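Chemist: all I have is the shape, not the residue letters:
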């Protein structure tokens, strides 16, 4: 008769979940006892970082990923990361230890009171098994919830005295061997109508969202755009945890702005807006205007019923984004429309001292490795980075779609673990870097060759930009004097370099990206400003 | 007609809430606009640290304290801290920004979806006003919830477009001028019965809990113990966010262990156990046994109905702990019992290299300033610190009663802000220090003369101790190689000293405590082990 622990590790093996991200506490020890040799435990020093690592790993492997947290406070410290993972549609299976069953009702210290409430509203499912024997089955169910569309985090609270109990072998075996196919193609009739509408449209446009990459629809999106000569915009950067389209493609026009008025202004003249794999839309600042330009209709293809429901305009077709794109490519003919004019290559940005974010991104572009992966958490330079790197391979860009900070460093750690042969570069603002700063220790401890680039402007620039937009003056807390992230990183054992000019930056980045024995950090002062190009 | 913002700041002024702890985001900017000169904004770089600072400040001032967070992700990062504040009964008024009202239903980016759910189950009340005009009233209500017994965090989500709206002047003025007296004395008949039972008991014992200090009952507890010659135990350290009794008092016997069997073993021979201002009990490890020793009855005085309800044994009397103690002192006569034998002074601990936690605490005791305040987050040295410092003034000890980490550094910052004339010493393990590490930057930025003492054992010792107790072997993630907190602290600008022996430690601590121009950190390697004495 296997124990609950043995049955659970068999379940994890069956799903390829042999890398566990965690920060252990006493309530997790019975799970971790006699930790099997074929599993890897990745230790983080704070739970926001732990979840961020798992989020990056899950996205970059496409597999459900196990995060183990410490009862109520561990879950509590992680909630911001769970919010991010929900927005990123990251298939996390989150477990937390719980007091022993005999001490839950009396709320002994570290009891996870109302354990299914703590991670809400950011998980797809939350459960605490009523009996020890139900733990493997509950985890199997959590894996299903996490991986069925839309992907996202699921949560199971596990009393610490459950792990040594006898499993129900029949239930555990059946739970372990279940295979659920969640990839469903949209209604063929709806797709056929959409294909006909695209063909018939006078001036259709494709808006490419993050789920194109996540669903494996990258090549089909290119084929559809080329066959129909569609101009392509990226969905707003705010909600784009991945890219939906190669950004150096001649039909790619840029990134939609993240507000109502500017989006309809940008799309003016189009009669059909086809949005694929994005919410409609991840608006952020409130800039009123018409939802769509005069004369336009909109259809979104999404695998997320909530995205379909909450869109304020347009039609929606539910189904797997990759399958939908493949079928659309078959359904449409070659168009004789003329393709849009390609946008110009980014020019060399003007010199300045300290350099602009654009110059820093130009330096990064100069040394960018063909198979590089960018993890981005530098709000004031997001647009400049996208414009200058013009990343054009799938799985090459990760960003926190929620808008929550603390994703960057930790996600880069997880992505590097998932993609050990590709160079990972994490671009950070020094303000953003602080939320999950301890993930630097993990990068050192596990010798992960991530390159961290810290843009130091000594302020929360994005907030100053929003303050100007909102006509706010005299707000405190927007400056970050004497915050030296390179010095902190050295404290965590990261080899860190401070550079001042573009030549030094280029060299330092080249060296950092080439290093293979552990993380490197390069810090450069940048001027105050929002860097759009 | 005042705006909602103006009316709100008037409300805060009326309650003395002119220090705001925050980490701002775009959704908070309209609140912070034209920030009034008579308010202080204390910036933290991550929300767990922000809440910890406010928690320390609220406890050390006794006043409701405002924490301002950034919509869903800011609240998410803070949940662990809110869990701590709930256990610490800290009267926090937590606000978070929210998307503009026109973009909430469509879930624009950074919408706080189900905003009242996010901080649950750790807040006493959570609300999002239905109209802008209700914001000042909702905040007034939150202040009441936070400060009425049991104190604890309350939460209000505020759409960012509400701040500039016209307030309802009549409602705002009435909300602002309300005074609610929440300090209620227990039923006189119940207290009289209890007084008679204490007098009649053959061998009564007092268990002193954290709410004695929080309620101002310190002197009354001493008077009661002395009048009735009661031996006094501290409630288990696990749930003790404050002290309940002077630990150098000749009738003070020590700290109860945090488990069922050992507690009843420790209290054996007593026929009446009087618990004041604690839950019954903050058990942590599950060590079964009788709940009470043979022949004993138990009564707890608490202002927390939930504590009264969930205790697994004994009677309870609801009411303010300080008032109850004052009245009990009046009700009982002088006993002619003999007082217990005083416990011996702590001896000099044996020398070792690296030193033991006991030696480190002995060094701290050697230089301890009379009016010093200890903030503690060093699980393996908690008992040694309590035993060696034997703190005996009210308001001199703060600890995270929840068991959640990330409290120490940030709470020390808040306590120092609240008590600028008293030396604050924060004792940390290097593992514990990481959860809220960025609070070091705030200590530097605000020139707070906190002394941080980091005990470096390169492991999660408390987990190894629990693993031994739980008979767990082979668990990963319990070692912390190459984690140099002093180096990280230097990165944040903290003057930090590494010492190796007790003489150096004593000198470094003396210098650090004397320094008045900003924080100092002293790091010392300690041997592996749990330091109980």
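Modeler: Sure, I can see it. Just so it is clear, the structure is predicted and the values come from calculations on it, not from any experiment.
Chemist: what count of nearby residues applies to residue A:60?
Modeler: 24 (other C-beta atoms under 10 Å in any protein chain shown). Where C-beta positions appear, they are placed from N, C-alpha and C, glycine not excepted.
Chemist: tell me which helix or strand it sits in.
Modeler: helix A:47-61 (DSSP states H and E).
Chemist: C-terminal to that helix, what's the next element?
Modeler: Next along from helix A:47-61, by DSSP H and E: strand A:65-69.
Chemist: picking up where we left off before, same question for the helix holding residue A:60, mean pLDDT?
Modeler: Averaging pLDDT along helix A:47-61 gives 98.
Chemist: list the helices and strands it packs on?
Modeler: The helices and strands touching helix A:47-61, judged by 3 or more C-beta pairs under 8 Å, 6 or more residues apart in numbering or on different chains; DSSP states H and E, are strand A:19-22, strand A:65-69, helix A:71-87, strand A:92-98, strand A:397-399, helix A:408-418, helix A:439-445.
Chemist: and those as a markdown table, adding distance to chain B and mean neighbour count?
Modeler: Converted to a markdown table, these look like this (distance: least, C-beta to the nearest C-beta, whole Å; neighbours: other C-beta atoms under 10 Å in any protein chain shown):
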| stretch | distance to chain B | mean neighbour count |
| --- | --- | --- |
| strand A:19-22 | 6 | 26 |
| strand A:65-69 | 9 | 29 |
| helix A:71-87 | 3 | 32 |
| strand A:92-98 | 11 | 28 |
| strand A:397-399 | 12 | 27 |
| helix A:408-418 | 12 | 30 |
| helix A:439-445 | 6 | 26 |
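Chemist: I'd like these written out as a markdown table, with mean pLDDT added.
Modeler: Listed next are the helices and strands packed on helix A:47-61 as a markdown table, based on pLDDT from 0 to 100:
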| stretch | mean pLDDT |
| --- | --- |
| strand A:19-22 | 98 |
| strand A:65-69 | 98 |
| helix A:71-87 | 98 |
| strand A:92-98 | 98 |
| strand A:397-399 | 98 |
| helix A:408-418 | 98 |
| helix A:439-445 | 98 |
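Chemist: so which of the ones you listed gets nearest residue B:76?
Modeler: helix A:71-87 (3.3 Å; C-beta to C-beta).
Chemist: from the contact counts, what lies against that closest one?
Modeler: By 3+ C-beta pairs under 8 Å, 6+ apart, helix A:71-87 packs against helix A:47-61, strand A:65-69, strand A:92-98, strand A:154-159, helix B:71-87.
Chemist: ok, the closest residue in space to residue A:248 that isn't next to it in sequence - contacts?
Modeler: What sits nearest to residue A:248 in space, not counting adjacent residues and going by C-beta to C-beta, 6 or more residues apart in numbering or on different chains, is residue A:390, at 4.1 Å. By C-beta atoms under 8 Å, 6 or more residues apart in numbering or on different chains, residue A:390 lies in contact with A:246-248, A:346.
Chemist: can I get the helices and strands packed on helix A:71-87 in CSV with distance to residue B:478?
Modeler: Converted to CSV, the helices and strands packed on helix A:71-87 look like this (distance: least, C-beta to C-beta, whole Å):
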stretch, distance to residue B:478
helix A:47-61, 15
strand A:65-69, 13
strand A:92-98, 14
strand A:154-159, 19
helix B:71-87, 20
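Chemist: circling back: what comes up buried for the helix holding residue A:60?
Modeler: A:47-61 (16 or more other C-beta atoms under 10 Å in any protein chain shown).
Chemist: kindly report the same for stretch A:509-529.
Modeler: So, applying 16+ other C-beta under 10 Å, buried residues of stretch A:509-529: A:509, A:512-513, A:518-527, A:529.
Chemist: low-scoring stretches of chain A, by residue?
Modeler: Scanning chain A for pLDDT under 70 picks out nothing.
Chemist: how far away is the residue of the stretch 401-533 of chain A at minimum distance from chain B from residue A:139?
Modeler: Closest approach between the stretch 401-533 of chain A and chain B, counting by C-beta to the nearest C-beta: residue A:404, at 2.7 Å. Distance, residue A:404 to residue A:139, by C-beta to C-beta, to the nearest Å: 26 Å.
Chemist: go on, residue A:515?
Modeler: 38 Å.
Chemist: repeat that for residue A:87.
Modeler: Distance from residue A:87 to residue A:139, by C-beta to C-beta: 24 Å.
Chemist: so what's the nearest residue to residue A:35 once chain neighbours are set aside up against?
Modeler: Leaving aside its chain neighbours, residue A:35 sits nearest to residue B:476 (4.9 Å; criterion: C-beta to C-beta, 6+ apart). By C-beta under 8 Å, 6+ apart, the contact list for residue B:476 reads A:24, A:32, A:35, A:41, A:43.
Chemist: the closest residue to residue A:523 other than its chain neighbours and residue A:279: what is the separation?
Modeler: Using C-beta to C-beta, 6+ apart and skipping residues adjacent in sequence, the residue nearest residue A:523 is residue A:486, 3.8 Å away. Residue A:486 is 37 Å from residue A:279, where distance means C-beta to C-beta.
Chemist: what does the helix or strand harbouring residue A:298 rub up against?
Modeler: Using DSSP H and E, residue A:298 maps to strand A:297-302. With C-beta under 8 Å, 6+ apart as the contact definition, strand A:297-302 has outside contacts at A:186, A:194, A:197, A:211, A:271-280, A:292, A:307-308, A:311, A:313-319, A:321, A:324-325.
Chemist: now the element after that strand, going C-ward?
Modeler: Downstream of strand A:297-302 (by DSSP H and E), the next one is helix A:305-310.
Chemist: now for the helix or strand following that next one, which elements pack on it?
Modeler: With elements assigned by DSSP H and E, the helix or strand that comes after helix A:305-310 is strand A:315-318. Packing contacts for strand A:315-318, counted by 3+ C-beta pairs under 8 Å, 6+ apart, involve helix A:188-200, strand A:297-302, helix A:305-310.
Chemist: of the helices and strands packed on helix A:71-87, which is nearest residue B:135?
Modeler: Nearest to residue B:135, of those and by C-beta to C-beta, is helix B:71-87 at 15.4 Å.
Chemist: off-centre distance for that closest one?
Modeler: Relative to its chain's centre, helix B:71-87 lies at 15 Å (C-alpha atoms, centre = their mean, to the nearest Å).
Chemist: also stretch A:499-517?
Modeler: The answer for stretch A:499-517 is 26 Å, by C-alpha atoms, centre = their mean.
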